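# The following comprises the amino acid sequence and a computationally predicted model.
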Amino acid sequence: MTAHLYRPAVPALFTRIGATSMLTAAALAGTSLIPGMTTRAQADETLAMRAYHIAQSEQGAPFAWGAAGPDAFDCSGLTQFAYEQAGEDIPRTAEDQYDYAVHIRPDHRRVGDLVFFHYGDSIYHVGFYAGRGEVLHAPKSGGLVRLERIWSDDVWYGRVDDD
């Protein structure tokens, strides 16, 4: 009987460019080359900012009623998809997302917070606060995920707590 030693497979990328070059490439390219590795900047980034950056990458995706990605979105589908990709499960509808979020005053809002559009007590739309009075959202049928000026004073803000 012959003993077999375990030899982990070495990714082809390591054998082609070498370990030192691989680590340099990972540092320059982010962390996509080494799964599970995060940079200090990524570790310091809030959950809301991670979700916002994911939503930013979906700009240009079409609106589709009831869609939650990855190819099309409605408003709450975009926010749910982005948070899920960032590592947090949030409810599906805008109203449920409002109930889930920590409510914040407008003067405490920051990029990545959720913007809830309402009529009276009824929430009808949600997007990400993008700064400068803009919202990143999936607007309506025929629209694309995009940045737009916040068009109403009837908005509330919420933050998904990353504790």
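Cool, got the structure.

# Spatially central residue for the protein, please.
With distances taken as Cα atoms, centre = their mean, A51 lies nearest the centre of the chain, 2.1 Å away.

# Summarise which helices and strands the helix or strand containing that one is packed against.
Using DSSP states H and E, the element containing A51 is helix 47-56. Here helix 47-56 touches helix 75-86, strand 122-131, strand 134-137, going by 3 or more Cβ pairs under 8 Å, 6 or more residues apart in numbering; DSSP states H and E. Where C-beta positions appear, they are placed from N, C-alpha and C, glycine not excepted.

# at 6 Å what do you get?
Judged by 3 or more Cβ pairs under 6 Å, 6 or more residues apart in numbering; DSSP states H and E, the packing partners of helix 47-56 are helix 75-86.

# what sits up against the helix it packs on?
Identification of contacts with helix 75-86 by Cβ atoms under 6 Å, 6 or more residues apart in numbering yields 47, 50-51, 54-55, 67-69, 90, 92-94, 97, 125-126, 137-138.

# now it and helix 47-56, what's the angle there?
120 degrees (axes from the mean of the first three to the mean of the last three Cα atoms, to 10 degrees).

# circling back: identify the residues contacting the residue nearest to the centre of the chain.
Counting by Cβ under 6 Å, 6+ apart, A51 touches A82, Y83, A86.

# give me that answer again for 10 Å
Listed by Cβ atoms under 10 Å, 6 or more residues apart in numbering, the contact set of A51 reads 78-88, 90, 112, 114, 128, 160, 162.

# picking up where we left off before, from the middle of its chain, how far away would the helix holding A51 be?
Centroid displacement of helix 47-56 relative to its chain, using Cα atoms, centre = their mean, to the nearest Å, is 3 Å.

# what ranges of the chain fall below the confidence cut-off?
For the chain, the stretches with pLDDT under 70 are 1-44, 163.

# Which segments of it make up each domain?
Structural domains assigned to the chain are 9-44, 46-159, following automatic domain parsing.

# now E148: how far from K140?
Per Cβ to Cβ, to the nearest Å, E148 is found 11 Å from K140.

# Please say which of these two ends up with more neighbours.
Neighbours were counted for E148 and for K140 using other Cβ atoms under 10 Å; E148 has more, 14 against 11.

# In the helix or strand in which the more buried one is found, which residues are buried?
Applying DSSP H and E as the criterion places E148 in strand 146-149. Buried residues in strand 146-149, defined by neighbour count with 16 or more other Cβ atoms under 10 Å: R146.
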